[in-house]
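A.B. asks: From the sequence below, what's the structure:
(chains A and B, ligands or ions: 1)
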Amino acid sequence: MTQDVWILGISMTKFGKHRDKDSVDLASEAALAAFGDAGVGINDIDVLAAGSLMAGTSAFGQQLQKQIGQTGIPVYNVANACATGATALRTVIMAIKAGEADLGLAVGVEKLSGAGLLGPVNRRKESDTWAPDGRFGALATLDGRVGTDSMPGVFAQIGLEYGHRYGGADFELFARISEKNHAHSTLNPLAAYSKRFTLEEIMNDVMIAYPNTRPMCSANCDGAAAAVVVSDSKLRTLSLEQRRRAVKISASVLTSDPWREGCQVLPDVNTLTRQAATRAYEQAGIGPEDLDLVELHDCFATAELVHYDNLMLCPEGGAVDFFNSGATWRDGKTPVNVSGGLESKGHPIAATGIANVWEICHHLRGEAGDRQIEGARVGLAHVIGLGSACGVHVLEKAAA
Amino acid sequence: MADRVPLVDYLVLSDDPHLVAHECERCGARFFDRRNACASCGATNFHQVDIPRKGTLLTYTIVSTAGPGIQVPFVAAVVDCGGTTVRGNLVNVQPDPGQVRTGMEVRLTTVSVGTDGAGVEAVGYGFEPA
Ligand SMILES: [Zn+2]
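C.D. replies: Now for the predicted structure:
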């Protein structure tokens, strides 16, 4: 039986444009704030896991150490698409559960302001003589000629596939999910965007990939998040105040996508999320009905709908009815993305998987101010990186 | 030298153009790309199978904003061809949500991609309403 693991301190920077700060500055800001929140310093930390997809170095964690403290501890530089932050967190949790560390730091950061449309970079030059290239023997770029590689397009298909299977998921429904998240964001001072949109404004905005218009897509922005994780035995030696604010990590799960017919044609984001959720509920010994709030990976409005089902917040096939019941608004039965979600809080990729844990912790500690979900005791944070990797963390308020 | 070449090596240009897949001899999983082993069961033996030309539209999107060099709008689609999932564009249809619906019957057709300096035409594929 391995021991419990806790979040001792956690922080996120303001998401948005940080013109005068680079990735190392933002990561340092988040890490130092997490230390302050935890009441520890770099000399207490036994292990560091760090991720940044855009920082352009394979040793980002060491760059961070050069700003906040080179103590000789092991550094794990991790990358797992949009699940990179959750992977950093999970790496530290595994080190502590393995008994190799008492205190660990996980950091994720991204500088993405103005990055535009995200998708695979495969725009090779069209040759004067056709020559097969790559795993399909392609004579030219396939994106746009044989379907789409763009993220908004891929997730649009994922949402409409759900609609095909179960019905009821039309353009307006997806737009109303986005309307909810933008409405939630008005209470979040750290969100990149905190403007409320009307349904008409969302539906009439620039179409990116039907049915996802611009406000229905995650917002590219700069930001960092960091968490200090502690073993149960170490926590017992710390102050009453530290123990009172510590948040229990009741489940920490990472999955990849198991093979299913069609999964190499259109990514299957459902199976690995459902498997991660199933395992997380088992680990935590709770069910979806026990959750007081959920932060899930709404990289697009079309994605949020399918994850209601994948995380089993509703009966299988029942995501449309579940949303229409009002359950996922902040005053509903299972508030989802009260931070504003990726569509308005923003999505600095590698920071996201820690920032959503921060949001949950903020509520469990009763420190969420105007957007506090009253009496929150249990929350779930979910991310998915296309390719695919899924991270699920279940968090519980300290008993003390 | 051929005057027409397929855009991808899983497209067979004949009088009856069609797609082919690598089928795992152990578990029957199908793949369109060059294979090392089966992602479903790990086996390494495959044989080639023809994919039915007719199918059902499983899902789609209408891409209106894309990277440089990609012509928009276009309808990106995923089609169920007799149990095998295939990716392609929906063609010969207006890129308008009123004209496209999941569940509609479609069939494979070929699409010219362009001609190179030597006069060779590259031919791709799409699906059109059946
Ligand atoms: Zn197989």
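
A.B. asks: List every C-alpha atom in the helix or strand hosting A:Val154, with coordinates, as CSV.
C.D. replies: Using DSSP states H and E, A:Val154 sits in helix A:151-166. The C-alpha trace of helix A:151-166 is given here as CSV (Å, rounded to 0.1, in the frame of the first residue of the first chain):
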residue,chain,number,x,y,z
MET,A,151,-7.3,20.9,-34.3
PRO,A,152,-10.6,22.9,-34.6
GLY,A,153,-11.6,20.6,-37.5
VAL,A,154,-10.6,17.4,-35.8
PHE,A,155,-12.6,18.3,-32.7
ALA,A,156,-15.5,19.5,-34.7
GLN,A,157,-15.7,16.0,-36.3
ILE,A,158,-15.5,14.5,-32.8
GLY,A,159,-18.4,16.5,-31.6
LEU,A,160,-20.6,15.9,-34.7
GLU,A,161,-19.8,12.2,-34.5
TYR,A,162,-21.3,12.2,-31.0
GLY,A,163,-24.3,13.9,-32.5
HIS,A,164,-24.5,11.3,-35.2
ARG,A,165,-24.5,8.5,-32.7
TYR,A,166,-26.9,10.0,-30.1
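
A.B. asks: List the buried residues in that helix.
C.D. replies: In terms of neighbour count (16 or more other CB atoms under 10 Å in any protein chain shown), helix A:151-166 has its buried residues at A:151-164, A:166. C-beta: built from backbone N, CA, C; applies to glycine.

A.B. asks: Is A:Asn43 in a helix, a strand, or coil?
C.D. replies: Secondary structure assignment for A:Asn43 (DSSP: H, G, I helix; E, B strand; the rest coil): helix.

A.B. asks: Can you tell me which residues in chain B are near the ion?
C.D. replies: Counting by CB under 5 Å from the ion, the positions of chain B adjacent to the ion are B:Cys24, B:Arg26, B:Cys27, B:Ala29, B:Cys38, B:Ser40, B:Cys41, B:Ala43.

A.B. asks: Which single one of these is nearest to A:Ala355?
C.D. replies: B:Ser40 (35.3 Å; CB to CB).

A.B. asks: I figured the closest one hits B:Phe31, correct?
C.D. replies: No: the pair B:Ser40 / B:Phe31 is not scored as a contact, 9.1 Å apart, by CB atoms under 8 Å.

A.B. asks: measure A:Asp205 to chain B for me?
C.D. replies: Per CB to the nearest CB, to the nearest Å, A:Asp205 is found 11 Å from chain B.

A.B. asks: What distance do you get for the residue most central in space within chain B to A:Pro267?
C.D. replies: The residue lying closest to the centre of chain B (CA atoms, centre = their mean) is B:Gly88, at 4.3 Å. As judged by CB to CB, to the nearest Å, B:Gly88 and A:Pro267 stand 16 Å apart.

A.B. asks: repeat for A:Ala86
C.D. replies: Separation of A:Ala86 from A:Pro267 (CB to CB): 18 Å.

A.B. asks: Looking at these two, which is more packed in?
C.D. replies: A:Ala86 (35 against 18; other CB atoms under 10 Å in any protein chain shown).

A.B. asks: Now the common contact residues for B:Ser40 and B:Phe31.
C.D. replies: Common contacts of B:Ser40 and B:Phe31 (CB atoms under 8 Å, 6 or more residues apart in numbering or on different chains): B:Cys24.

A.B. asks: Next, the contact list for A:Leu254, please.
C.D. replies: Each residue near A:Leu254 by CB under 8 Å, 6+ apart is listed here: A:Asn80, A:Ala83, A:Ala86, A:Thr87, A:Arg90, A:Ala276, A:Ala389, A:Cys390, A:Gly391.

A.B. asks: Including pLDDT, could those go into TSV?
C.D. replies: TSV is the format used below for the contacts of A:Leu254 (pLDDT from 0 to 100):
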residue	pLDDT
A:Asn80	97
A:Ala83	98
A:Ala86	98
A:Thr87	98
A:Arg90	98
A:Ala276	98
A:Ala389	98
A:Cys390	98
A:Gly391	98
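
A.B. asks: Can you tell me which of those comes closest to chain B?
C.D. replies: Distance to chain B across these (CB to the nearest CB) is lowest for A:Ala389, with 16.0 Å.

A.B. asks: you'd agree that closest one is up against A:Val78?
C.D. replies: No: applying CB under 8 Å, one finds A:Ala389 not in contact with A:Val78, separated by 10.3 Å.

A.B. asks: and residue 108, backbone torsions?
C.D. replies: Here I'm looking at chain A. The phi/psi pair for A:Gly108 (degrees, to the nearest 10) reads phi -140, psi 140.

A.B. asks: nope, chain B please
C.D. replies: phi -70, psi 140.

A.B. asks: Just the element for the nearest residue to A:Ala31 once chain neighbours are set aside, please.
C.D. replies: Excluding the flanking residues, the one nearest A:Ala31 by CB to CB, 6 or more residues apart in numbering or on different chains is A:Ala226, at 4.5 Å. Per DSSP H and E: A:Ala226 is located in strand A:223-231.

A.B. asks: Return the list of strands paired to that strand, each annotated with direction.
C.D. replies: strand A:5-12 (antiparallel), strand A:103-110 (antiparallel) (DSSP bridges).

A.B. asks: what's the next secondary structure element after it?
C.D. replies: helix A:232-235.

A.B. asks: Can you name the residues in contact with that following helix?
C.D. replies: Surrounding helix A:232-235, the residues in contact under the criterion CB under 8 Å, 6+ apart are A:Gln3, A:Asp4, A:Val5, A:Trp6, A:Leu8, A:Asp102, A:Leu103, A:Gln242, A:Arg243, A:Ala246.

A.B. asks: Dump those residues into a markdown table; add distance to A:Gly262 as well.
C.D. replies: Formatted as a markdown table, those follow (distance: CB to CB, whole Å):
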| residue | distance to A:Gly262 |
| --- | --- |
| A:Gln3 | 41 |
| A:Asp4 | 40 |
| A:Val5 | 37 |
| A:Trp6 | 40 |
| A:Leu8 | 43 |
| A:Asp102 | 45 |
| A:Leu103 | 44 |
| A:Gln242 | 49 |
| A:Arg243 | 49 |
| A:Ala246 | 43 |
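
A.B. asks: Out of these, the closest to chain B would be?
C.D. replies: Lowest distance from chain B to these (CB to the nearest CB) belongs to A:Val5, with 33.1 Å.

A.B. asks: What about the closest one, how many residues nearby?
C.D. replies: Residues lying near A:Val5 (other CB under 10 Å) number 23.

A.B. asks: okay but it is in contact with A:Lys97, surely?
C.D. replies: Yes: contact criterion CB under 8 Å: A:Val5 and A:Lys97 qualify, at 6.1 Å.

A.B. asks: Secondary structure of B:Gly69: a strand, I assume?
C.D. replies: No: applying three-state DSSP, one finds B:Gly69 to be coil, outside a strand.

A.B. asks: Quickly note the distance from it to A:Leu254.
C.D. replies: For B:Gly69 relative to A:Leu254 (CB to CB), the value is 36 Å.

A.B. asks: next one: A:Leu139
C.D. replies: Noted for A:Leu139: a distance of 38 Å to A:Leu254, by CB to CB.

A.B. asks: As a check, name the ranges of all helices in chain A.
C.D. replies: Ranges of helices in chain A, per DSSP state H, are A:23-38, A:60-68, A:84-97, A:151-166, A:171-185, A:199-204, A:232-235, A:240-245, A:269-284, A:301-310, A:319-324, A:341-344, A:349-364.

A.B. asks: Most tightly packed of those?
C.D. replies: Highest mean neighbour count of these: helix A:341-344, a mean of 32 (counted as mean count of other CB atoms under 10 Å in any protein chain shown).

A.B. asks: Give me the number of neighbouring residues for A:Val392.
C.D. replies: When neighbours are counted by other CB under 10 Å, A:Val392 registers 31.

A.B. asks: got a list of what the residue in the stretch 301-400 of chain A positioned nearest to the ion touches?
C.D. replies: Nearest residue of the stretch 301-400 of chain A to the ion (CB to the ion) works out as A:Ser388 at 19.9 Å. Counting by CB under 8 Å, 6+ apart, A:Ser388 makes contact with A:Ala81, A:Ser256, A:Asp257, A:Pro267, A:Asp268, A:Val269, A:Leu272.
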